[in-house]
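**Q** sequence and predicted structure below; questions after.
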Amino acid sequence: MSTYRPGEFHSFEGGGKNYLYLVPSAAIFELEDLSTAILGLLHDREMTGDQVTAELTSRGYAAPDIQETLEELHQAHAIATGEGFIEPRLEIPQQPFPLQTVVMNVTNQCNLSCSYCYEYGEDKISTPDGKTKFMSAETAQSTVDFLLDQSPGRRMVHLTFFGGETLLNFPVVKSTIEYARNKAQEQGKYIDFSMTTNATMLTSEIISFLAENNVGVTVSIDGPKESNDQFRVFHNGKGSYDVIAPKIKELVTVHRSRPIGARVTLTAQVVDVKKIFRHLTDEMGFDEVGFAPVTTSPVRLYAIGNNGLDKVLAQFTELAEEYLEYALENRHHGFSNVNDTLQELHQGVSKAYPCGAGLGLLGVSPSGDIGLCHRFVDSPSGKLGHIDTGIDREAQMEHLNRGHINTKYDCHTCWARPVCSGGCYHEAFVRYGDTGHANLHYCDWIRGWTDVCLRVYGEIASRNPKYLERFDERKAI
Ligand code: SF4
Ligand code: SF4
């Protein structure tokens, strides 16, 4: 006779219904009355099927229904039998893994001097001394060839232009797009282009080019003038807001072929999420706004401590509730942090790695060095070869072993691991000196935020399930 006990899940409520987020499968499971009753019984003890049946028939449930529901819960791993629960392990993907995205650092120079910047600030890990500061057109073209060559089996690949300030090397961005489009066409592939910029150098000519070439644009901006100018300043200390505001308004008016996104860095001094969101959408016209707490060592003045993170979570929750209201009316809401998490929850994503860095995504420095991602280029840690000599497979395998969820023992009992998988390698390196370390300083934040998104998901699933169809399409790694 089998003895049942609870499996590994996180329970939540949404729209008056009870749900389980099943950790081993990353599936979301709606609970009927009877399943809720069974899980309630097994909450703090183990019971045999007969004991469960005896208890629940006395409460008016039919024995065959109890047996059937027990079986269903067992198959879903919501309840477990046997000696110990064997957690399904995620494998290291077969190598060589086809490349999906290259982030091309066309320059490591910047005309701003944001003190929190990981590239120039106190937590800088790159050592580009003696190497070129601006990528040449030839290196950019070799990088395109490398991307097309290393992505067998993929019809569509992504090229993201990044910096420093990307537009300091606009001529190379321009020539690379033309080259890449022709090369991709010859090979029957499609290249999608995007870029990140601080918007200070946008001109009407550049905006028209980006619109005509369907380049996705993300602007780094920290909200209204008083927040943005706290850190986003020119080398002479002058704030950048007054320079970028009119340029951004022209960008969002002229470039209508793709949503224009804003990326906000939250610091101890800049945490007013709702106000920033309202300003960037209603006043500046951005279609999407994503927020990320600053990546830094905890001793920095701008680091967000635990109290700050609690405050951010409270404001994220308020904004997520607004997102929910919009979703129930099938209206667009540009809070991309919710959107991205709902997409992963809907698709049942269970990550062996926190992101695609070093696997489907690589960064390339101005001199052609390959790094785990854009944050590791020109840094001895996370170096994975050079575009002329290819990927250093030994270093890549070392990274894939080190960064895998199986090696992050602290995460093995955490219900949020399918979406977190230990968190950003760069943050781990800055905090713990090890890309493979779990980001244990923000677990409460991650679990709190994932719970908020699960509740939003459950509410939409109960009240407007059709809205979730937009998340059916699988996102590229
Ligand atoms: S880093 Fe923390 S929140 Fe993320 S999976 Fe590990 S234990 Fe969970
Ligand atoms: S390592 Fe961090 S910064 Fe780099 S791609 Fe992954 S999440 Fe982004």
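**A** On my side now, so go ahead. Ligands and ions are numbered 1, 2, ... in the order given.

**Q** three-state assignment of the residue of the stretch 201-350 of the chain found nearest ligand 1?
**A** Of all residues in the stretch 201-350 of the chain, Ser350 sits closest to ligand 1, with a separation of 11.4 Å (C-beta to the nearest ligand atom). Glycine gets a C-beta too; all of them are placed from N, C-alpha and C. The three-state assignment at Ser350 reads coil, by DSSP: H, G, I helix; E, B strand; the rest coil.

**Q** number of residues surrounding it?
**A** Counted with other C-beta atoms under 10 Å, residues neighbouring Ser350 total 19.

**Q** what sits against it?
**A** Listed by C-beta atoms under 8 Å, 6 or more residues apart in numbering, the contact partners of Ser350 are Pro24, Ser25, Ala26, Leu90, Pro418.

**Q** let's see 7 Å
**A** Applying C-beta atoms under 7 Å, 6 or more residues apart in numbering to Ser350 gives the contacts Ala26, Leu90, Pro418.

**Q** who wins for neighbours among the residues you listed?
**A** Busiest of these [other C-beta under 10 Å] is Pro418, holding 24 neighbours.

**Q** helix or strand for it, which one?
**A** Assigned by DSSP states H and E, Pro418 belongs to helix 417-420.

**Q** and this protein, which of its residues are near ligand 2?
**A** Remark: the part of the chain in contact with ligand 2 comprises Pro354, Cys355, Ala357, Cys373, Arg375, Cys424, Tyr425, His426, using C-beta under 6 Å from any ligand atom.

**Q** now, those residues that are in helices?
**A** Tyr425, His426 (DSSP state H).

**Q** tell me the two of the residues of the chain next to ligand 2 that are most distant?
**A** Pairwise distances among the residues of the chain next to ligand 2 were taken by C-beta to C-beta; the largest, 12.9 Å, belongs to Pro354 and Arg375.

**Q** now do stretch 318-325, average pLDDT.
**A** Within the predicted structure, the mean pLDDT of stretch 318-325 is 97.

**Q** same thing with stretch 28-46?
**A** Per-residue scores along stretch 28-46 average to 93.

**Q** what does it rub up against?
**A** For stretch 28-46, the external contacting residues (C-beta under 7 Å, 6+ apart) are 3-6, 17-22, 47, 52, 55-56, 61, 65-66, 69-70, 73, 76, 78-79, 345, 457.

**Q** quick one: buried residues of that stretch?
**A** Buried residues in stretch 28-46, counting neighbours by 16 or more other C-beta atoms under 10 Å, are found at Ile28, Phe29, Leu31, Leu34, Ser35, Ala37, Ile38, Leu39, Leu41, Leu42.

**Q** ok so, going back, turn the residues of the chain next to ligand 2 into a markdown table, columns for pLDDT.
**A** Converted to a markdown table, the residues of the chain next to ligand 2 look like this (pLDDT from 0 to 100):
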| residue | pLDDT |
| --- | --- |
| Pro354 | 96 |
| Cys355 | 96 |
| Ala357 | 97 |
| Cys373 | 96 |
| Arg375 | 92 |
| Cys424 | 94 |
| Tyr425 | 95 |
| His426 | 92 |
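
**Q** which of the residues of the chain next to ligand 2 sits closest to Asn439?
**A** Using C-beta to C-beta, Cys424 is the member of the residues of the chain next to ligand 2 that sits closest to Asn439, with 6.7 Å.

**Q** gap between the nearest residue to that closest one once chain neighbours are set aside and Gly49?
**A** Counting by C-beta to C-beta, 6 or more residues apart in numbering, Pro354 is the residue found nearest to Cys424 once chain neighbours are left out, at 6.2 Å. Here Pro354 is placed at a distance of 39 Å from Gly49 (C-beta to C-beta, to the nearest Å).

**Q** equivalent analysis for Asp65, please.
**A** Distance of Asp65 to Gly49, given as C-beta to C-beta: 13 Å.

**Q** please say which of the two ends up with more neighbours.
**A** Comparing Asp65 with Gly49 by other C-beta under 10 Å, the one with more neighbours is Gly49, at 17 against 14.

**Q** so what's the residue nearest to Cys424 up against?
**A** Pro354 is in contact with Cys420, Ser421, Gly422, Gly423, Cys424, counting by C-beta under 7 Å, 6+ apart.

**Q** kindly report the same for Leu372.
**A** Here Leu372 is in contact with Ala357, Gly358, Gly363, Gly382, Leu384, His399, Tyr425 (C-beta under 7 Å, 6+ apart).
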